[in-house]
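In: have a look at this prediction, sequence included:
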Amino acid sequence: MSLLEVDHLNVWFDRGRSQVVRDLSFSIDPGQRLGLIGQSGSGKSVTALAIMGLLPESALMSGTVRFEGRRLSGAKEAELAQARGRDLTMVFQEPMTALDPTMKVGRQVAEVIRLHEESSGRETRRRVIEMLDRVGLPNPDRITDAFPHQLSGGQRQRVVLAMALMLGPRLVIADEPTTALDVTVQAQVLELLDVELAAHRAACLFISHDLAVVARVCQQVMVMLDGRVVESGPVRQVLSQPIHPYTRGLIATARLDLARPGSRLPTVEDFYAGGQL
Amino acid sequence: MRRLSLIMGLALVGLVVAAAAVSLVWTPYDPNLVRPPDRLLGPSWSHWLGTDRMGIDLLSRLMVGSRTTLMVGVIAVCLAIVVGVPLGLVSGIRRGWLSQLLLRVSDIMFALPALLLAILLVAVRGASVATATWAIGIATVPVFVRMAHAATLSVMAQDFIDAARSCGTSSAAIALRHVLPNIAPIVGVQASASFSSAILAEAGLSYLGLAAPATTPTWGRMMRDGQVDLFLTAWPALAPGLAIAVAVLGFNLLGDGLRDQLDPRLREFR
Amino acid sequence: MSVFVVEQVSRRFGRRSSRPVQALDRVDLAIEAGQRWGVVGESGSGKTTLLRLLAGLDRPSAGQIRFQDRPLDLADRSSLTRLRASVQLVFQDPQSSLDPRMRVGSIITEPLRSGPLRRSGQVPTDVKARLNEVLEAVGLPQAAARRYPHEFSGGQRQRIAIARALAPKPDILLADEPVSALDVSVRAQVLNLINDLVADMGLTLVMVSHDLTVVRHVCDHVAVLKAGRLVETGPVDQVYRRPASDYTAALLAAVPRLGDRWD
Amino acid sequence: MAIAQAIARRVGVFVLSLLGATVVVFLIVQALPGDVAQATLGMGATPEQVEALRQRWGLDRPALVRYGSWLLGLAQGDLGQSYLTGQSVSGQIAPRLAVTCWLVGLSMPIAVLASVPAGLAAAMWRRRWQGAVISSLSQIGMAAPVFFTGIVLVVVFSVRLGWLPANGYEPLLGPGGLDLAGWASHLVLPVLSLVIVQASLLSRYVRNGFVEVLAEDYLRTARAVGWTKWRALVRHGLRNAALSIVTVIALQIGAMLVGAIIVEQVFALPGLGSMLLQAVASRDLPVVQGIAVLLVVVVLAISLAADLAYVVIDPRLRSREA
């Protein structure tokens, strides 16, 4: 049985006037990592929010989302909230604003435990520090008492990851988790995500505009364009034998390191006329 | 929903402005005509809102009163904008000790509510609509200094200001070409909000008997006079109160509506 | 001829009472005419601070910057005008670098209408003609001039910003992370544009980036900054192949490549 | 250490503002053109009489000297003597102060308590009719001037229903001992009028504070790890709402005091406001000046308290100044 099944998902904004996701169907098996790639505005983030039940109230949605056979779409907020954080969770792009600035980070991580499990104060603190240590934060017992603004962007993203991975969820949705980070920090965070997902045997839906980053983490990839999936398959296959011209364009533009310095870089338009800037 | 505030605001403000305009050429009765036999009449076909204790038609007097309300608001807010916005703009662009001093002084003035300032001025110069207007205007200046200063700072933090500086655009040109157009919508919203504060302040002063003499019809004064007969009839006190509420509500809604109409990308500046 | 000579330049932020931030620490750098320099480092390394110093938007706390063999003095009007007339900037965030209340045409021609630049006599005087020239150079239709920035996508806005920088015919182009706010797929177009324009107009380029592959593609020289200090400089090819410092090597290794797992 | 520094800085600003405020009040009352002595005695008075009065009131001294001695008195709690009665202004103010303190001191907490749930509900339901109703009510409460609200309350509860007195005041500790019923019945309507206006205003700010939090990334993070929308909003929004309330109180405290002055007039309460108005009517400048300074000091002190509360609530402020 699939872990996550998305069936004929459609999402509209602006009172149904603009459709952002069009008839999207896919599934993720337990432990599987699926990359979702596309330009900004292609509907990838909205897809993630729809799965989590976090779409803004103004959005309209149709289709079904099932997690381990249970319907998430249409479920009550309280029911969804129980599943979130414990069974499936999400990591967002902006580490600078993802944490409440007025609350110590240790407390924000600890709340995840207390929300879903009975745990004594001392036990909780021990687990929080252990988790902060696991995500590679130096001096975790000091950092637990720090406020978000006292940490760097990379450190904050590690805290967010700690919150997400705390209870060993079976699905982690990561929405451009490293786009806002420096390349060196990005490499470290990707490495961490890789290791932790493997350790928990967690599945992952990894969203990015950067094919190289997706290829680093995932085995499967889906290419999204204007709310539709235009191509999907194993990363290796899609990269070596892309079918859709847009995918070919994406691959070509991502290979900056192979281009001769100063030469003209291939663009998406060289392959796919429908795409604009 | 957003449009609704703007439309309702415009409608209510339009109503007040129309009443003031019409009163210049026509009112149902002479707003100063005392007719003792007609005193304290309830609303009827001949007197839509009834009459006061002197037998004067309330509607006529309300219509004439709206002129004072609008005049005080316009003068006070214009004064505050003309003085406050340039000060806030300059202090946001040139950050020296003079700007700091200016902001401190404006903060101190901010601690002095319009009505208290007016009471002080009235104590020295005697009650008049002019004194009240000046006091409300002066007390509103720091509001615009603060607002313009904060808005200027956020515009100045944008890259396009550096782009302008890096091609040699002078501070004055930056202020006029980039900052002013970008803060103008916010000034407009604030003006609408300050207009309703000014109306409330003027009404309060008149109610306390510190603005207009009894002969000049103003809404606050009418309430003060109407309160005397509260146990006989409530109309003379309630009608002008409703008029004030309508005017204030109108300008508040107009301000909200304008803010919602602001380009969403401009909202990021605040 | 040296365009910029940076001599022992430091820049501290913050007042004396509080802990000051040392954004730049005794940096030396010489940029010759026609060279294309990349300045690389993580966030907080001081790369943007260096660029702002070169652009005359900020002054060093210590040390000196020489522009065209004369000391750069922001208080001296003629020195500043010389700088402004030949140096132009492109910013990272095309959202914030274009005035939302101005039409694209006015944005692009603003440098041409600026007093000091006009008086210097070095900028084109036929504003209309120059506007059409640069619009064409960056691949935008002439109709774009009448529209507002929000009507354009991120990549197009960056083209507008480049058109504005080119309008006064500068000799030197400074670019602060010009592609890092853009999608990977749009990045290629803007890099192509910068490459073409720099080559066609013989510009001197100083480009700040956190991505060494981007720098390698566009620049011929590179300076690597770490926590305000210069750790390595040299021809880009050499630094890319045999980085002298571990820090540069780490920066290089961190860039994700498509081939990582696939090849 | 950082907190101590931040607090010291704000207290310093407070003291300077206080000095500045005394200058402003003094300048307005004393330095504006117009001869109070002449005005008091009327046009028929001889120059000698006017001169004598000026001397008695100390108006013949230079302004700077007068300011200095006034300030010196202020520092010792001495607000000078009334022109009219010759009595000490501080002594006259003391009994009046109690009424105003009750009025403001009761209204503020009630308004705050009412506005938080109202603001939260309005934010949560901002796209539904419930939210629209709350927002409309607060718009109306804000638009109606406090004396109009007061009069409406009198019309309903005193004139129609006859439940509560329309005006007057009875002290809590009257000549006949503790009189809780009498005291309370005279304060209900005045307090209610102030509460309606202030709660409307506050709930609007609280709503906006919560709406801001609704758009924050950290609220999304909280929901992604298992908070329900409501609980996440309460959890992360309360501090933000507290910041909004503190901000409004700091900004509005002047308006509130002025509101109290007007309410005292509506209900004929013998508080500071009515004393101030009598003094204005009789041009008793020392009394006017004294009450004005007292009010401004209160406003500045509340602003200081708000600033300090900010430092406590918002950790970013604490270390930014470190």
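Out: Perfect, thanks for sending it.

In: which elements pack onto the helix or strand harbouring B:Ser106?
Out: Taking DSSP states H and E as the criterion, B:Ser106 maps to helix B:97-110. Counting contacts by 3 or more C-beta pairs under 8 Å, 6 or more residues apart in numbering or on different chains; DSSP states H and E, helix B:97-110 is packed against helix B:58-93, helix B:129-156, helix D:2-26. No exception for glycine: its C-beta is placed from N, CA and C like everyone else's.

In: mind listing what's buried along the last one?
Out: When neighbours are counted by 16 or more other C-beta atoms under 10 Å in any protein chain shown, the buried residues of helix D:2-26 are found to be D:6-7, D:10, D:13-14, D:17-18, D:20-22, D:24-26.

In: and residue 41, backbone torsions?
Out: All of this is about chain A. phi 90, psi 0 (degrees, to the nearest 10).

In: that one and chain B, how far apart?
Out: 16 Å (C-beta to the nearest C-beta, to the nearest Å).

In: and B:Trp97, how many neighbours?
Out: 7 (other C-beta atoms under 10 Å in any protein chain shown).

In: list the contacts for it?
Out: By C-beta atoms under 8 Å, 6 or more residues apart in numbering or on different chains, the contact set of B:Trp97 is empty.

In: would you point out which residue is most central in chain A?
Out: A:Ala174 (1.3 Å; C-alpha atoms, centre = their mean).

In: quick revisit: adding distance to chain C and pLDDT, write the buried residues of helix D:2-26 out as TSV.
Out: Output for those, formatted as TSV (distance: C-beta to the nearest C-beta, whole Å; pLDDT from 0 to 100):
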residue	distance to chain C	pLDDT
D:Ala6	12	77
D:Ile7	16	82
D:Arg10	16	84
D:Val13	16	85
D:Phe14	20	87
D:Ser17	22	85
D:Leu18	24	87
D:Gly20	24	86
D:Ala21	28	85
D:Thr22	29	87
D:Val24	30	84
D:Val25	34	85
D:Phe26	34	86
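
In: now the two most distant members of those residues.
Out: D:Ala6 and D:Phe26 (31.0 Å; C-beta to C-beta).

In: run through chain B and note the low-pLDDT ranges.
Out: Low-confidence segments of chain B (pLDDT under 70): B:1-2, B:263-270.

In: which element is the residue of the stretch 1-150 of chain C found nearest chain A on?
Out: At 4.4 Å from chain A, C:Glu42 is the closest residue in the stretch 1-150 of chain C, using C-beta to the nearest C-beta. Assessed by DSSP H and E, C:Glu42 sits outside every helix and strand.

In: got it, and C:Val39?
Out: C:Val39 belongs to strand C:36-40, assigned by DSSP H and E.

In: direction included, what does that strand pair up with?
Out: strand C:204-209 (parallel), strand C:221-226 (parallel) (DSSP bridges).

In: after that strand comes which helix or strand?
Out: Counting by DSSP H and E, the next helix or strand C-terminal to strand C:36-40 is helix C:47-54.

In: before we move on, back to that, for the record, mean pLDDT for the strand holding C:Val39?
Out: The average pLDDT for strand C:36-40 rounds to 94.

In: tell me the contacts of the residue nearest to C:Arg70 when sequence neighbours are not counted?
Out: Closest residue to C:Arg70 apart from its sequence neighbours, by C-beta to C-beta, 6 or more residues apart in numbering or on different chains: C:Ser79 at 6.8 Å. Counting by C-beta under 8 Å, 6+ apart, C:Ser79 makes contact with C:Phe67, C:Arg70, C:Pro71, C:Leu72, C:Asp73.

In: residue closest to the middle of chain D?
Out: Central residue of chain D (C-alpha atoms, centre = their mean): D:Leu257, at 2.9 Å.

In: quick check: D:Asn208 touching D:Leu243?
Out: No: taking contacts as C-beta atoms under 8 Å, D:Asn208 lies outside contact range of D:Leu243: 11.2 Å.

In: more crowded one of those two?
Out: Taking other C-beta under 10 Å, D:Asn208 and D:Leu243 do not tie; D:Leu243 has more neighbours (19 against 16).

In: what about the more buried one, which SS state?
Out: Assigned state for D:Leu243: helix (three-state reduction, DSSP: H, G, I helix; E, B strand; the rest coil).

In: burial count for the closest residue to it other than its chain neighbours?
Out: For D:Leu243, ignoring the flanking residues on the chain, the nearest one in space by C-beta to C-beta, 6+ apart is D:Ile313 at 5.9 Å. D:Ile313 has 15 neighbouring residues, counting by other C-beta under 10 Å.

In: any idea of the pLDDT on the residue of the stretch 51-200 of chain A found nearest chain B?
Out: Nearest residue of the stretch 51-200 of chain A to chain B (C-beta to the nearest C-beta) works out as A:Ser58 at 11.4 Å. For A:Ser58, the pLDDT comes out at 82.

In: with D:Phe148 instead?
Out: 91.

In: now do the contacts for it.
Out: B:Met223, B:Leu238, B:Gly241, B:Leu242, B:Ile244, B:Ala245.

In: now do A:Val185
Out: By C-beta under 8 Å, 6+ apart, the contact set of A:Val185 is A:Ser152, A:Gly153, A:Gly154, A:Gln157, A:Thr178, C:Glu42.

In: top of those by neighbour count?
Out: Result: A:Gln157 is most packed of the contacts of A:Val185 (other C-beta under 10 Å), 30 neighbours.

In: off-centre distance for the host helix or strand of it?
Out: Using DSSP H and E, A:Gln157 sits within helix A:153-165. Centroid separation for helix A:153-165 versus its chain: 13 Å, with C-alpha atoms, centre = their mean, to the nearest Å.

In: same question, stretch D:116-133
Out: Counting by C-alpha atoms, centre = their mean, stretch D:116-133 comes out at 27 Å from the chain centroid.
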